[in-house]
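S.K.: no sequence for this one, just the structure:
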């Protein structure tokens, strides 16, 4: 009866793709729906849904998502259409482009931050070809 808000929240964070702890992917991922990363990815990650990088997750990648929660480590730029949340265990080495940014005490951010009503869209050349973190691998 009163489940409307919870159902909305669950739909928003629904996971259609999981990269488990101990898994490693090298390449460009383009996902429909939500994704949770507890393993490692080198390259790029793009989703039209919610992206969660768990505390064991490592993304040596540029990341693009509608909504995003980071609890692990990102070495690359992050582009988020709405809200980006950095959990207390998050470590980000790269630039952030987001409409709304929530940073918990303990999170680390080494890079620039740009917040606008309409978030900046990545230049495809930079997003797919100029990932310095992926180049180091």
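M.R.: That came through fine. Fair warning: this is a prediction, and the values are worked out from it, not measured in the lab. Residues are numbered from 1 along each chain as shown.
S.K.: quick one: the helices in the chain?
M.R.: Under the criterion DSSP state H, the chain carries helices at the ranges 4-12, 124-129, 132-136.
S.K.: Poorly predicted segments of the chain, please.
M.R.: For the chain, the stretches with pLDDT under 70 are 1-13, 118-137.
S.K.: could you redo the last one with a cut-off of 90?
M.R.: For the chain, the stretches with pLDDT under 90 are 1-16, 115-137.
S.K.: Do a quick rundown of the strands in it.
M.R.: 15-19, 24-31, 34-37, 40-47, 50-53, 58-65, 67-70, 73-75, 78-86, 91-93, 96-103, 108-110, 113-115 (DSSP state E).
S.K.: Would you mind reformatting those (as CSV) and adding columns for mean neighbour count while you're at it?
M.R.: Glycine gets a C-beta too; all of them are placed from N, C-alpha and C. CSV is the format used below for these (neighbours: other Cβ atoms under 10 Å):
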stretch, mean neighbour count
strand 15-19, 16
strand 24-31, 13
strand 34-37, 23
strand 40-47, 22
strand 50-53, 25
strand 58-65, 26
strand 67-70, 24
strand 73-75, 23
strand 78-86, 21
strand 91-93, 20
strand 96-103, 18
strand 108-110, 14
strand 113-115, 13
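S.K.: what number of residues lie near residue 32?
M.R.: Taking other Cβ atoms under 10 Å as the neighbour definition, residue 32 ends up with a count of 10.
S.K.: wait, it sits on residue 46?
M.R.: No. Contact status for residue 32 versus residue 46: not in contact, 10.1 Å apart, counting by Cβ atoms under 8 Å.
S.K.: Pull the contacting residues for residue 96.
M.R.: Contacts for residue 96 were tallied using Cβ atoms under 8 Å, 6 or more residues apart in numbering; they are 77-78, 80, 84, 109, 111-114.
S.K.: Looking at these, which is nearest residue 16?
M.R.: Comparing those against residue 16 with Cβ to Cβ picks out residue 80 as the nearest, at 18.1 Å.
S.K.: Give me the nearest residue to that closest one, chain neighbours excluded.
M.R.: Residue nearest to residue 80 in three dimensions, not counting chain neighbours: residue 98, with 4.2 Å by Cβ to Cβ, 6 or more residues apart in numbering.
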